[in-house]
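>>> Structure for the following, please:
(chains A and B)
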Amino acid sequence: DTEVTQTPKHLVMGMTNKKSLKCEQHMGHRAMYWYKQKAKKPPELMFVYSYEKLSINESVPSRFSPECPNSSLLNLHLHALQPEDSALYLCASSQDAQQQANTEAFFGQGTRLTVV
Amino acid sequence: ELKVEQNPLFLSMQEGKNYTIYCNYSTTSDRLYWYRQDPGKSLESLFVLLSNGAVKQEGRLMASLDTKARLSTLHITAAVHDLSATYFCAVDERNTGKLIFGQGTTLQVKP
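Residues are numbered from 1 along each chain as shown, chains lettered A, B, ... in the order given. The predicted model follows:
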């Protein structure tokens, strides 16, 4: 099983709403990632969790709040977003976040988020 | 800070032709990846290149890595329309766990 599953696939939310994106993997990977991708741009790293601890926060605004309840799950809690936060949000996982052979990152299908 | 640059950013080519996409990166790294992305879709892993001189081939695509030159190439042989997509290279930043992407190359293969 080399699958990273993200839900929902699409989400439309108002600027006062609170919502959550979910990501799940059962590959035994110990590193999980959130990326944001705007149209016609490369993915931009937001957060890295390594062994269920937040190891990297790329200066992401606090309206995005990550959570890693266990080694298989990664959530991204959203609150008071702005229209410019509309994007494709990608979750990924890899065996380990640090230098090690074969830490290839596997990406989920993404959540297309629209903030209205 | 690691920077990754691809060129060209846009490539329109005829079916049956050959072409190469280049990926340069600015600091030493041990791993380079190529991904394909179709419009509105996620990233599909194509190749993982782990060492200097590594060459991998899958169908009409061949990727290589020269760590001394900090350069990877993705060579397309006898392009077909199904290869139309955006191709990203990405490089592991040593000791940080960050995967840094190039800008992407949008490939359009015309019949």
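>>> longest strand anywhere in chain B?
strand B:85-93 (DSSP state E).
>>> Which SSE is immediately downstream of that strand?
Sequence order places strand B:98-101 as the next helix or strand after strand B:85-93, per DSSP states H and E.
>>> So which bits of stretch B:97-111 are buried?
B:97-107, B:109 (16 or more other Cβ atoms under 10 Å in any protein chain shown). Glycine gets a C-beta too; all of them are placed from N, C-alpha and C.
>>> Out of those, which are close to chain A?
Checking the buried residues of stretch B:97-111 against chain A by Cβ under 8 Å from any Cβ of the partner chain, the ones in range are B:97-104, B:106.
>>> Format the residues you listed as JSON lines; extra columns: pLDDT.
JSON lines is the format used below for these (pLDDT from 0 to 100):
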{"residue": "B:Gly97", "pLDDT": "70"}
{"residue": "B:Lys98", "pLDDT": "83"}
{"residue": "B:Leu99", "pLDDT": "88"}
{"residue": "B:Ile100", "pLDDT": "91"}
{"residue": "B:Phe101", "pLDDT": "95"}
{"residue": "B:Gly102", "pLDDT": "97"}
{"residue": "B:Gln103", "pLDDT": "97"}
{"residue": "B:Gly104", "pLDDT": "97"}
{"residue": "B:Thr106", "pLDDT": "97"}
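>>> If we only consider those, which is nearest to B:His75?
Checking these against B:His75 with Cβ to Cβ, the nearest one is B:Gly102 at 16.1 Å.
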